[in-house]
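Student: Pasting the sequence and the predicted model now:
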Amino acid sequence: MNNSTSLKVRLPVLVLVLEVVLLALYASFVTYDDNANAKMQNNETNPMDNSLYKDYPFFADVQVMIFIGFGCLLAFLRFYGFSGMVFNFLTATFSIQWAILVQGYFQFYYDGKIHLGVINLLNAEFACAVVLISFGAVLGKTSPVQLLVMALLEVPIFAVTEWFVLKHLKITDAGGTILIHLFACYFGLGVTFVLYRPNLNQGHVKEITSYQSDILSLIGTLFLWVFWPSFNSALTVKGDDQHRAVLHTFIGLSSSTLTAFALSALFNKRGKLTMADIQNVTLAGGVTVGASVDMMITPSAAYALGIMGCIACFFGYRYLTPFMARHLKIQDQCGIHNLHGLTGLISSTAGICAILMATEETYGPSMYQIFAHRAPPEGDPKLLELQQLIPGLKPGLGRTAQEQALFQVAAIFFTIAAASVGGLLTGFALKLPCLAMPSDKFCFDDELFFDVPSDFDSMGVNKAPINSEDDTKV
């Protein structure tokens, strides 16, 4: 039975309902935080102390990554450039609006209101990044209606997981390795497992790239590469911690880039470079340094992590992705398991090792700022001594390095489990016939959902016309 793929009714109705609900929730629960509230200012207030000047540069950088970096990167398919960029734009815009409310409830909800500031927007963008990474697993095989529903379901599941891990397990995850990369990866794999299409395992006539699409995708890679230090350091403690995060991210990205070029030429049968490797594998170092990005791991360790992540990512694309499609029914379209899953596991392991090796001899008293849960608890005499050295230091839980490492391990397993189950359930929801899922024949094809330019049919592949009775009926 053929399902309708027309957006004429579905998309406007869904967007209208979502906007009405969002407007009502914003009107009821969202107000300004102190830094944006005119009533909280007076003639003694220094405007330059406003949190805008501390947080907005990071927000702006992550904005570029979300809308330009991800958007261009997902435009690598020859006949799916409109969809890759535009569906990214649509999904990201809604995800950020929705995440402000959902995360606000779990993280900033007090006095009956969500107090909105730039930091809320920044956190919402991280939640949006989770959705867009997961989107990569089902690229070309879903409608914009399905993607909005996916975002609608994924953001609350992510927010609950984030809240539980940070509030109850109390882990250290400065670069978002566990809560962003691992969650997004395994959620996306859960969705694509349910949406498995056996006819696509042998490839698809439109699942190809072009000279122009590869260049556009590479531009996306470059935007992500340039701004990744901001992504990894945005939520770290200001000062030397944030400084180290920027340094480690750049070093990790640099080493993974060099390694990617070497591996691409070495394993190409003709000794040439493969664009897919340059577009994806070069970014692996940004993920593998994430879990330990603000720690005193040394620049050489960051360099080594970049190399390790690149090697795992490269061979994952080459061997693991085809194996998963053939034998595990997981069609990972963009290889998110390689760039975010494998590298995320390496990064998490490195972070645990860094926690176990952390001592006051290496860090000094500031160790209890980076590893806040290892700080002495309220009433401990050592806490008073440390507060003399570090004004504003908050009481911790008094955990040992070994105890904190075990909580990190628990967070990894919990996050992967929550993401996988959430992805499976979301996949079943996306199979509803009313969500305009494209048939196998019209996957990876802009023409199904867009009015395309007149030169679209001359781009070099035999494309059957869309059946207006079966595939575009309302």
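Tutor: All right, it came through fine. Numbers count the residues shown, from 1 in each chain.

Student: contacts and neighbour counts: CA atoms only from here.
Tutor: OK.

Student: what's near enough to touch residue 152?
Tutor: Taking Cα atoms under 8 Å, 6 or more residues apart in numbering, we find residue 152 in contact with 95, 98.

Student: per-residue pLDDT, it?
Tutor: pLDDT, residue 152: 98.

Student: roughly how far apart are it and residue 58?
Tutor: From residue 152 across to residue 58, the span is 25 Å (Cα to Cα, to the nearest Å).

Student: Likewise for residue 182?
Tutor: Taking Cα to Cα, one finds residue 182 at 22 Å from residue 58.

Student: Compare these two and say which one has the larger neighbour count.
Tutor: For residue 182 versus residue 58, neighbours defined as other Cα atoms under 10 Å are more numerous around residue 182 (27 against 21).

Student: how about stretch 188-199: buried residues?
Tutor: For stretch 188-199, the neighbour count (16 or more other Cα atoms under 10 Å) marks 188-197 as buried.

Student: From start to finish, how long is it in a straight line?
Tutor: Using Cα to Cα, one end of stretch 188-199 lies 20 Å from the other.

Student: So what touches it?
Tutor: Stretch 188-199 is contacted from outside by 133-138, 329-332, 337, 419-428, 431, 440, using Cα under 8 Å, 6+ apart.

Student: How far off centre is it?
Tutor: Averaging C-alpha positions (Cα atoms, centre = their mean, to the nearest Å) puts stretch 188-199 19 Å from its chain's average.

Student: Then stretch 105-116?
Tutor: Computed by Cα atoms, centre = their mean, the chain-centroid distance of stretch 105-116 equals 24 Å.

Student: Model confidence for the closest residue in space to residue 334 that isn't next to it in sequence, exactly?
Tutor: Excluding the flanking residues, the one nearest residue 334 by Cα to Cα, 6 or more residues apart in numbering is residue 136, at 5.1 Å. On pLDDT, residue 136 comes in at 97.

Student: my read: residue 136 touches residue 76, true?
Tutor: No: contact between residue 136 and residue 76 fails when scored by Cα atoms under 8 Å: they sit 11.5 Å apart.

Student: in what helix or strand does residue 115 lie?
Tutor: Assigned by DSSP states H and E, residue 115 belongs to strand 113-116.

Student: again with residue 367
Tutor: Assigned by DSSP H and E, residue 367 falls within helix 367-370.

Student: what about the longest helix in this structure?
Tutor: helix 401-430 (DSSP state H).

Student: distance between it and the chain's centre?
Tutor: Here helix 401-430 is found 15 Å from its chain centre; the criterion is Cα atoms, centre = their mean.

Student: Likewise for stretch 82-101?
Tutor: How far stretch 82-101 lies from its chain's middle: 13 Å, per Cα atoms, centre = their mean.

Student: Check stretch 86-103 too.
Tutor: Relative to its chain's centre, stretch 86-103 lies at 12 Å (Cα atoms, centre = their mean).

Student: Show residues contacting that stretch.
Tutor: Residues contacting stretch 86-103 (Cα under 8 Å, 6+ apart): 22, 25-26, 30, 66-67, 70-71, 74, 114, 120-121, 123-125, 127-129, 131-132, 144, 147-148, 151-152, 155-156, 159.

Student: Same question for stretch 21-30.
Tutor: Contacts for stretch 21-30 (Cα under 8 Å, 6+ apart): 97-98, 101, 112-116.

Student: For the stretch 151-300 of the chain, just list every one of the strands.
Tutor: Using DSSP state E, counting those that start in this stretch, no strands are found in the stretch 151-300 of the chain.

Student: what do you get for the stretch 1-150 of the chain?
Tutor: Using DSSP E, counting those that start in this stretch, strands in the stretch 1-150 of the chain cover 30-32, 109-110, 113-116.

Student: Quickly, which of these bottoms out on average pLDDT?
Tutor: strand 109-110 (a mean of 68).

Student: I'd like the mean pLDDT over the one helix or strand residue 323 maps to, please.
Tutor: Assigned by DSSP H and E, residue 323 falls within helix 321-327. The average pLDDT for helix 321-327 rounds to 95.

Student: Low-confidence stretches in the stretch 101-250 of the chain?
Tutor: Applying pLDDT under 70 to the stretch 101-250 of the chain flags the ranges 109-110.

Student: Mind listing what's buried along stretch 342-351?
Tutor: 342-351.

Student: can you give me the helices in the stretch 251-400 of the chain?
Tutor: Applying DSSP state H, counting those that start in this stretch to the stretch 251-400 of the chain gives helices spanning 275-280, 284-288, 299-315, 321-327, 336, 343-357, 360-363, 367-370, 381-389.

Student: Which among these is found nearest to residue 9?
Tutor: helix 336 (32.1 Å; Cα to Cα).

Student: for that closest one, the distance to its chain's centre please.
Tutor: Using Cα atoms, centre = their mean, the offset of helix 336 from its chain centre is 10 Å.

Student: what is the rounded mean pLDDT of that helix?
Tutor: Here the average pLDDT along helix 336 is 97.

Student: and residue 474, what pLDDT?
Tutor: At residue 474, pLDDT is 41.

Student: Put together CSV for the strands of the stretch 1-150 of the chain, with mean neighbour count on each row.
Tutor: Output for those, formatted as CSV (neighbours: other Cα atoms under 10 Å):
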stretch, mean neighbour count
strand 30-32, 16
strand 109-110, 14
strand 113-116, 21
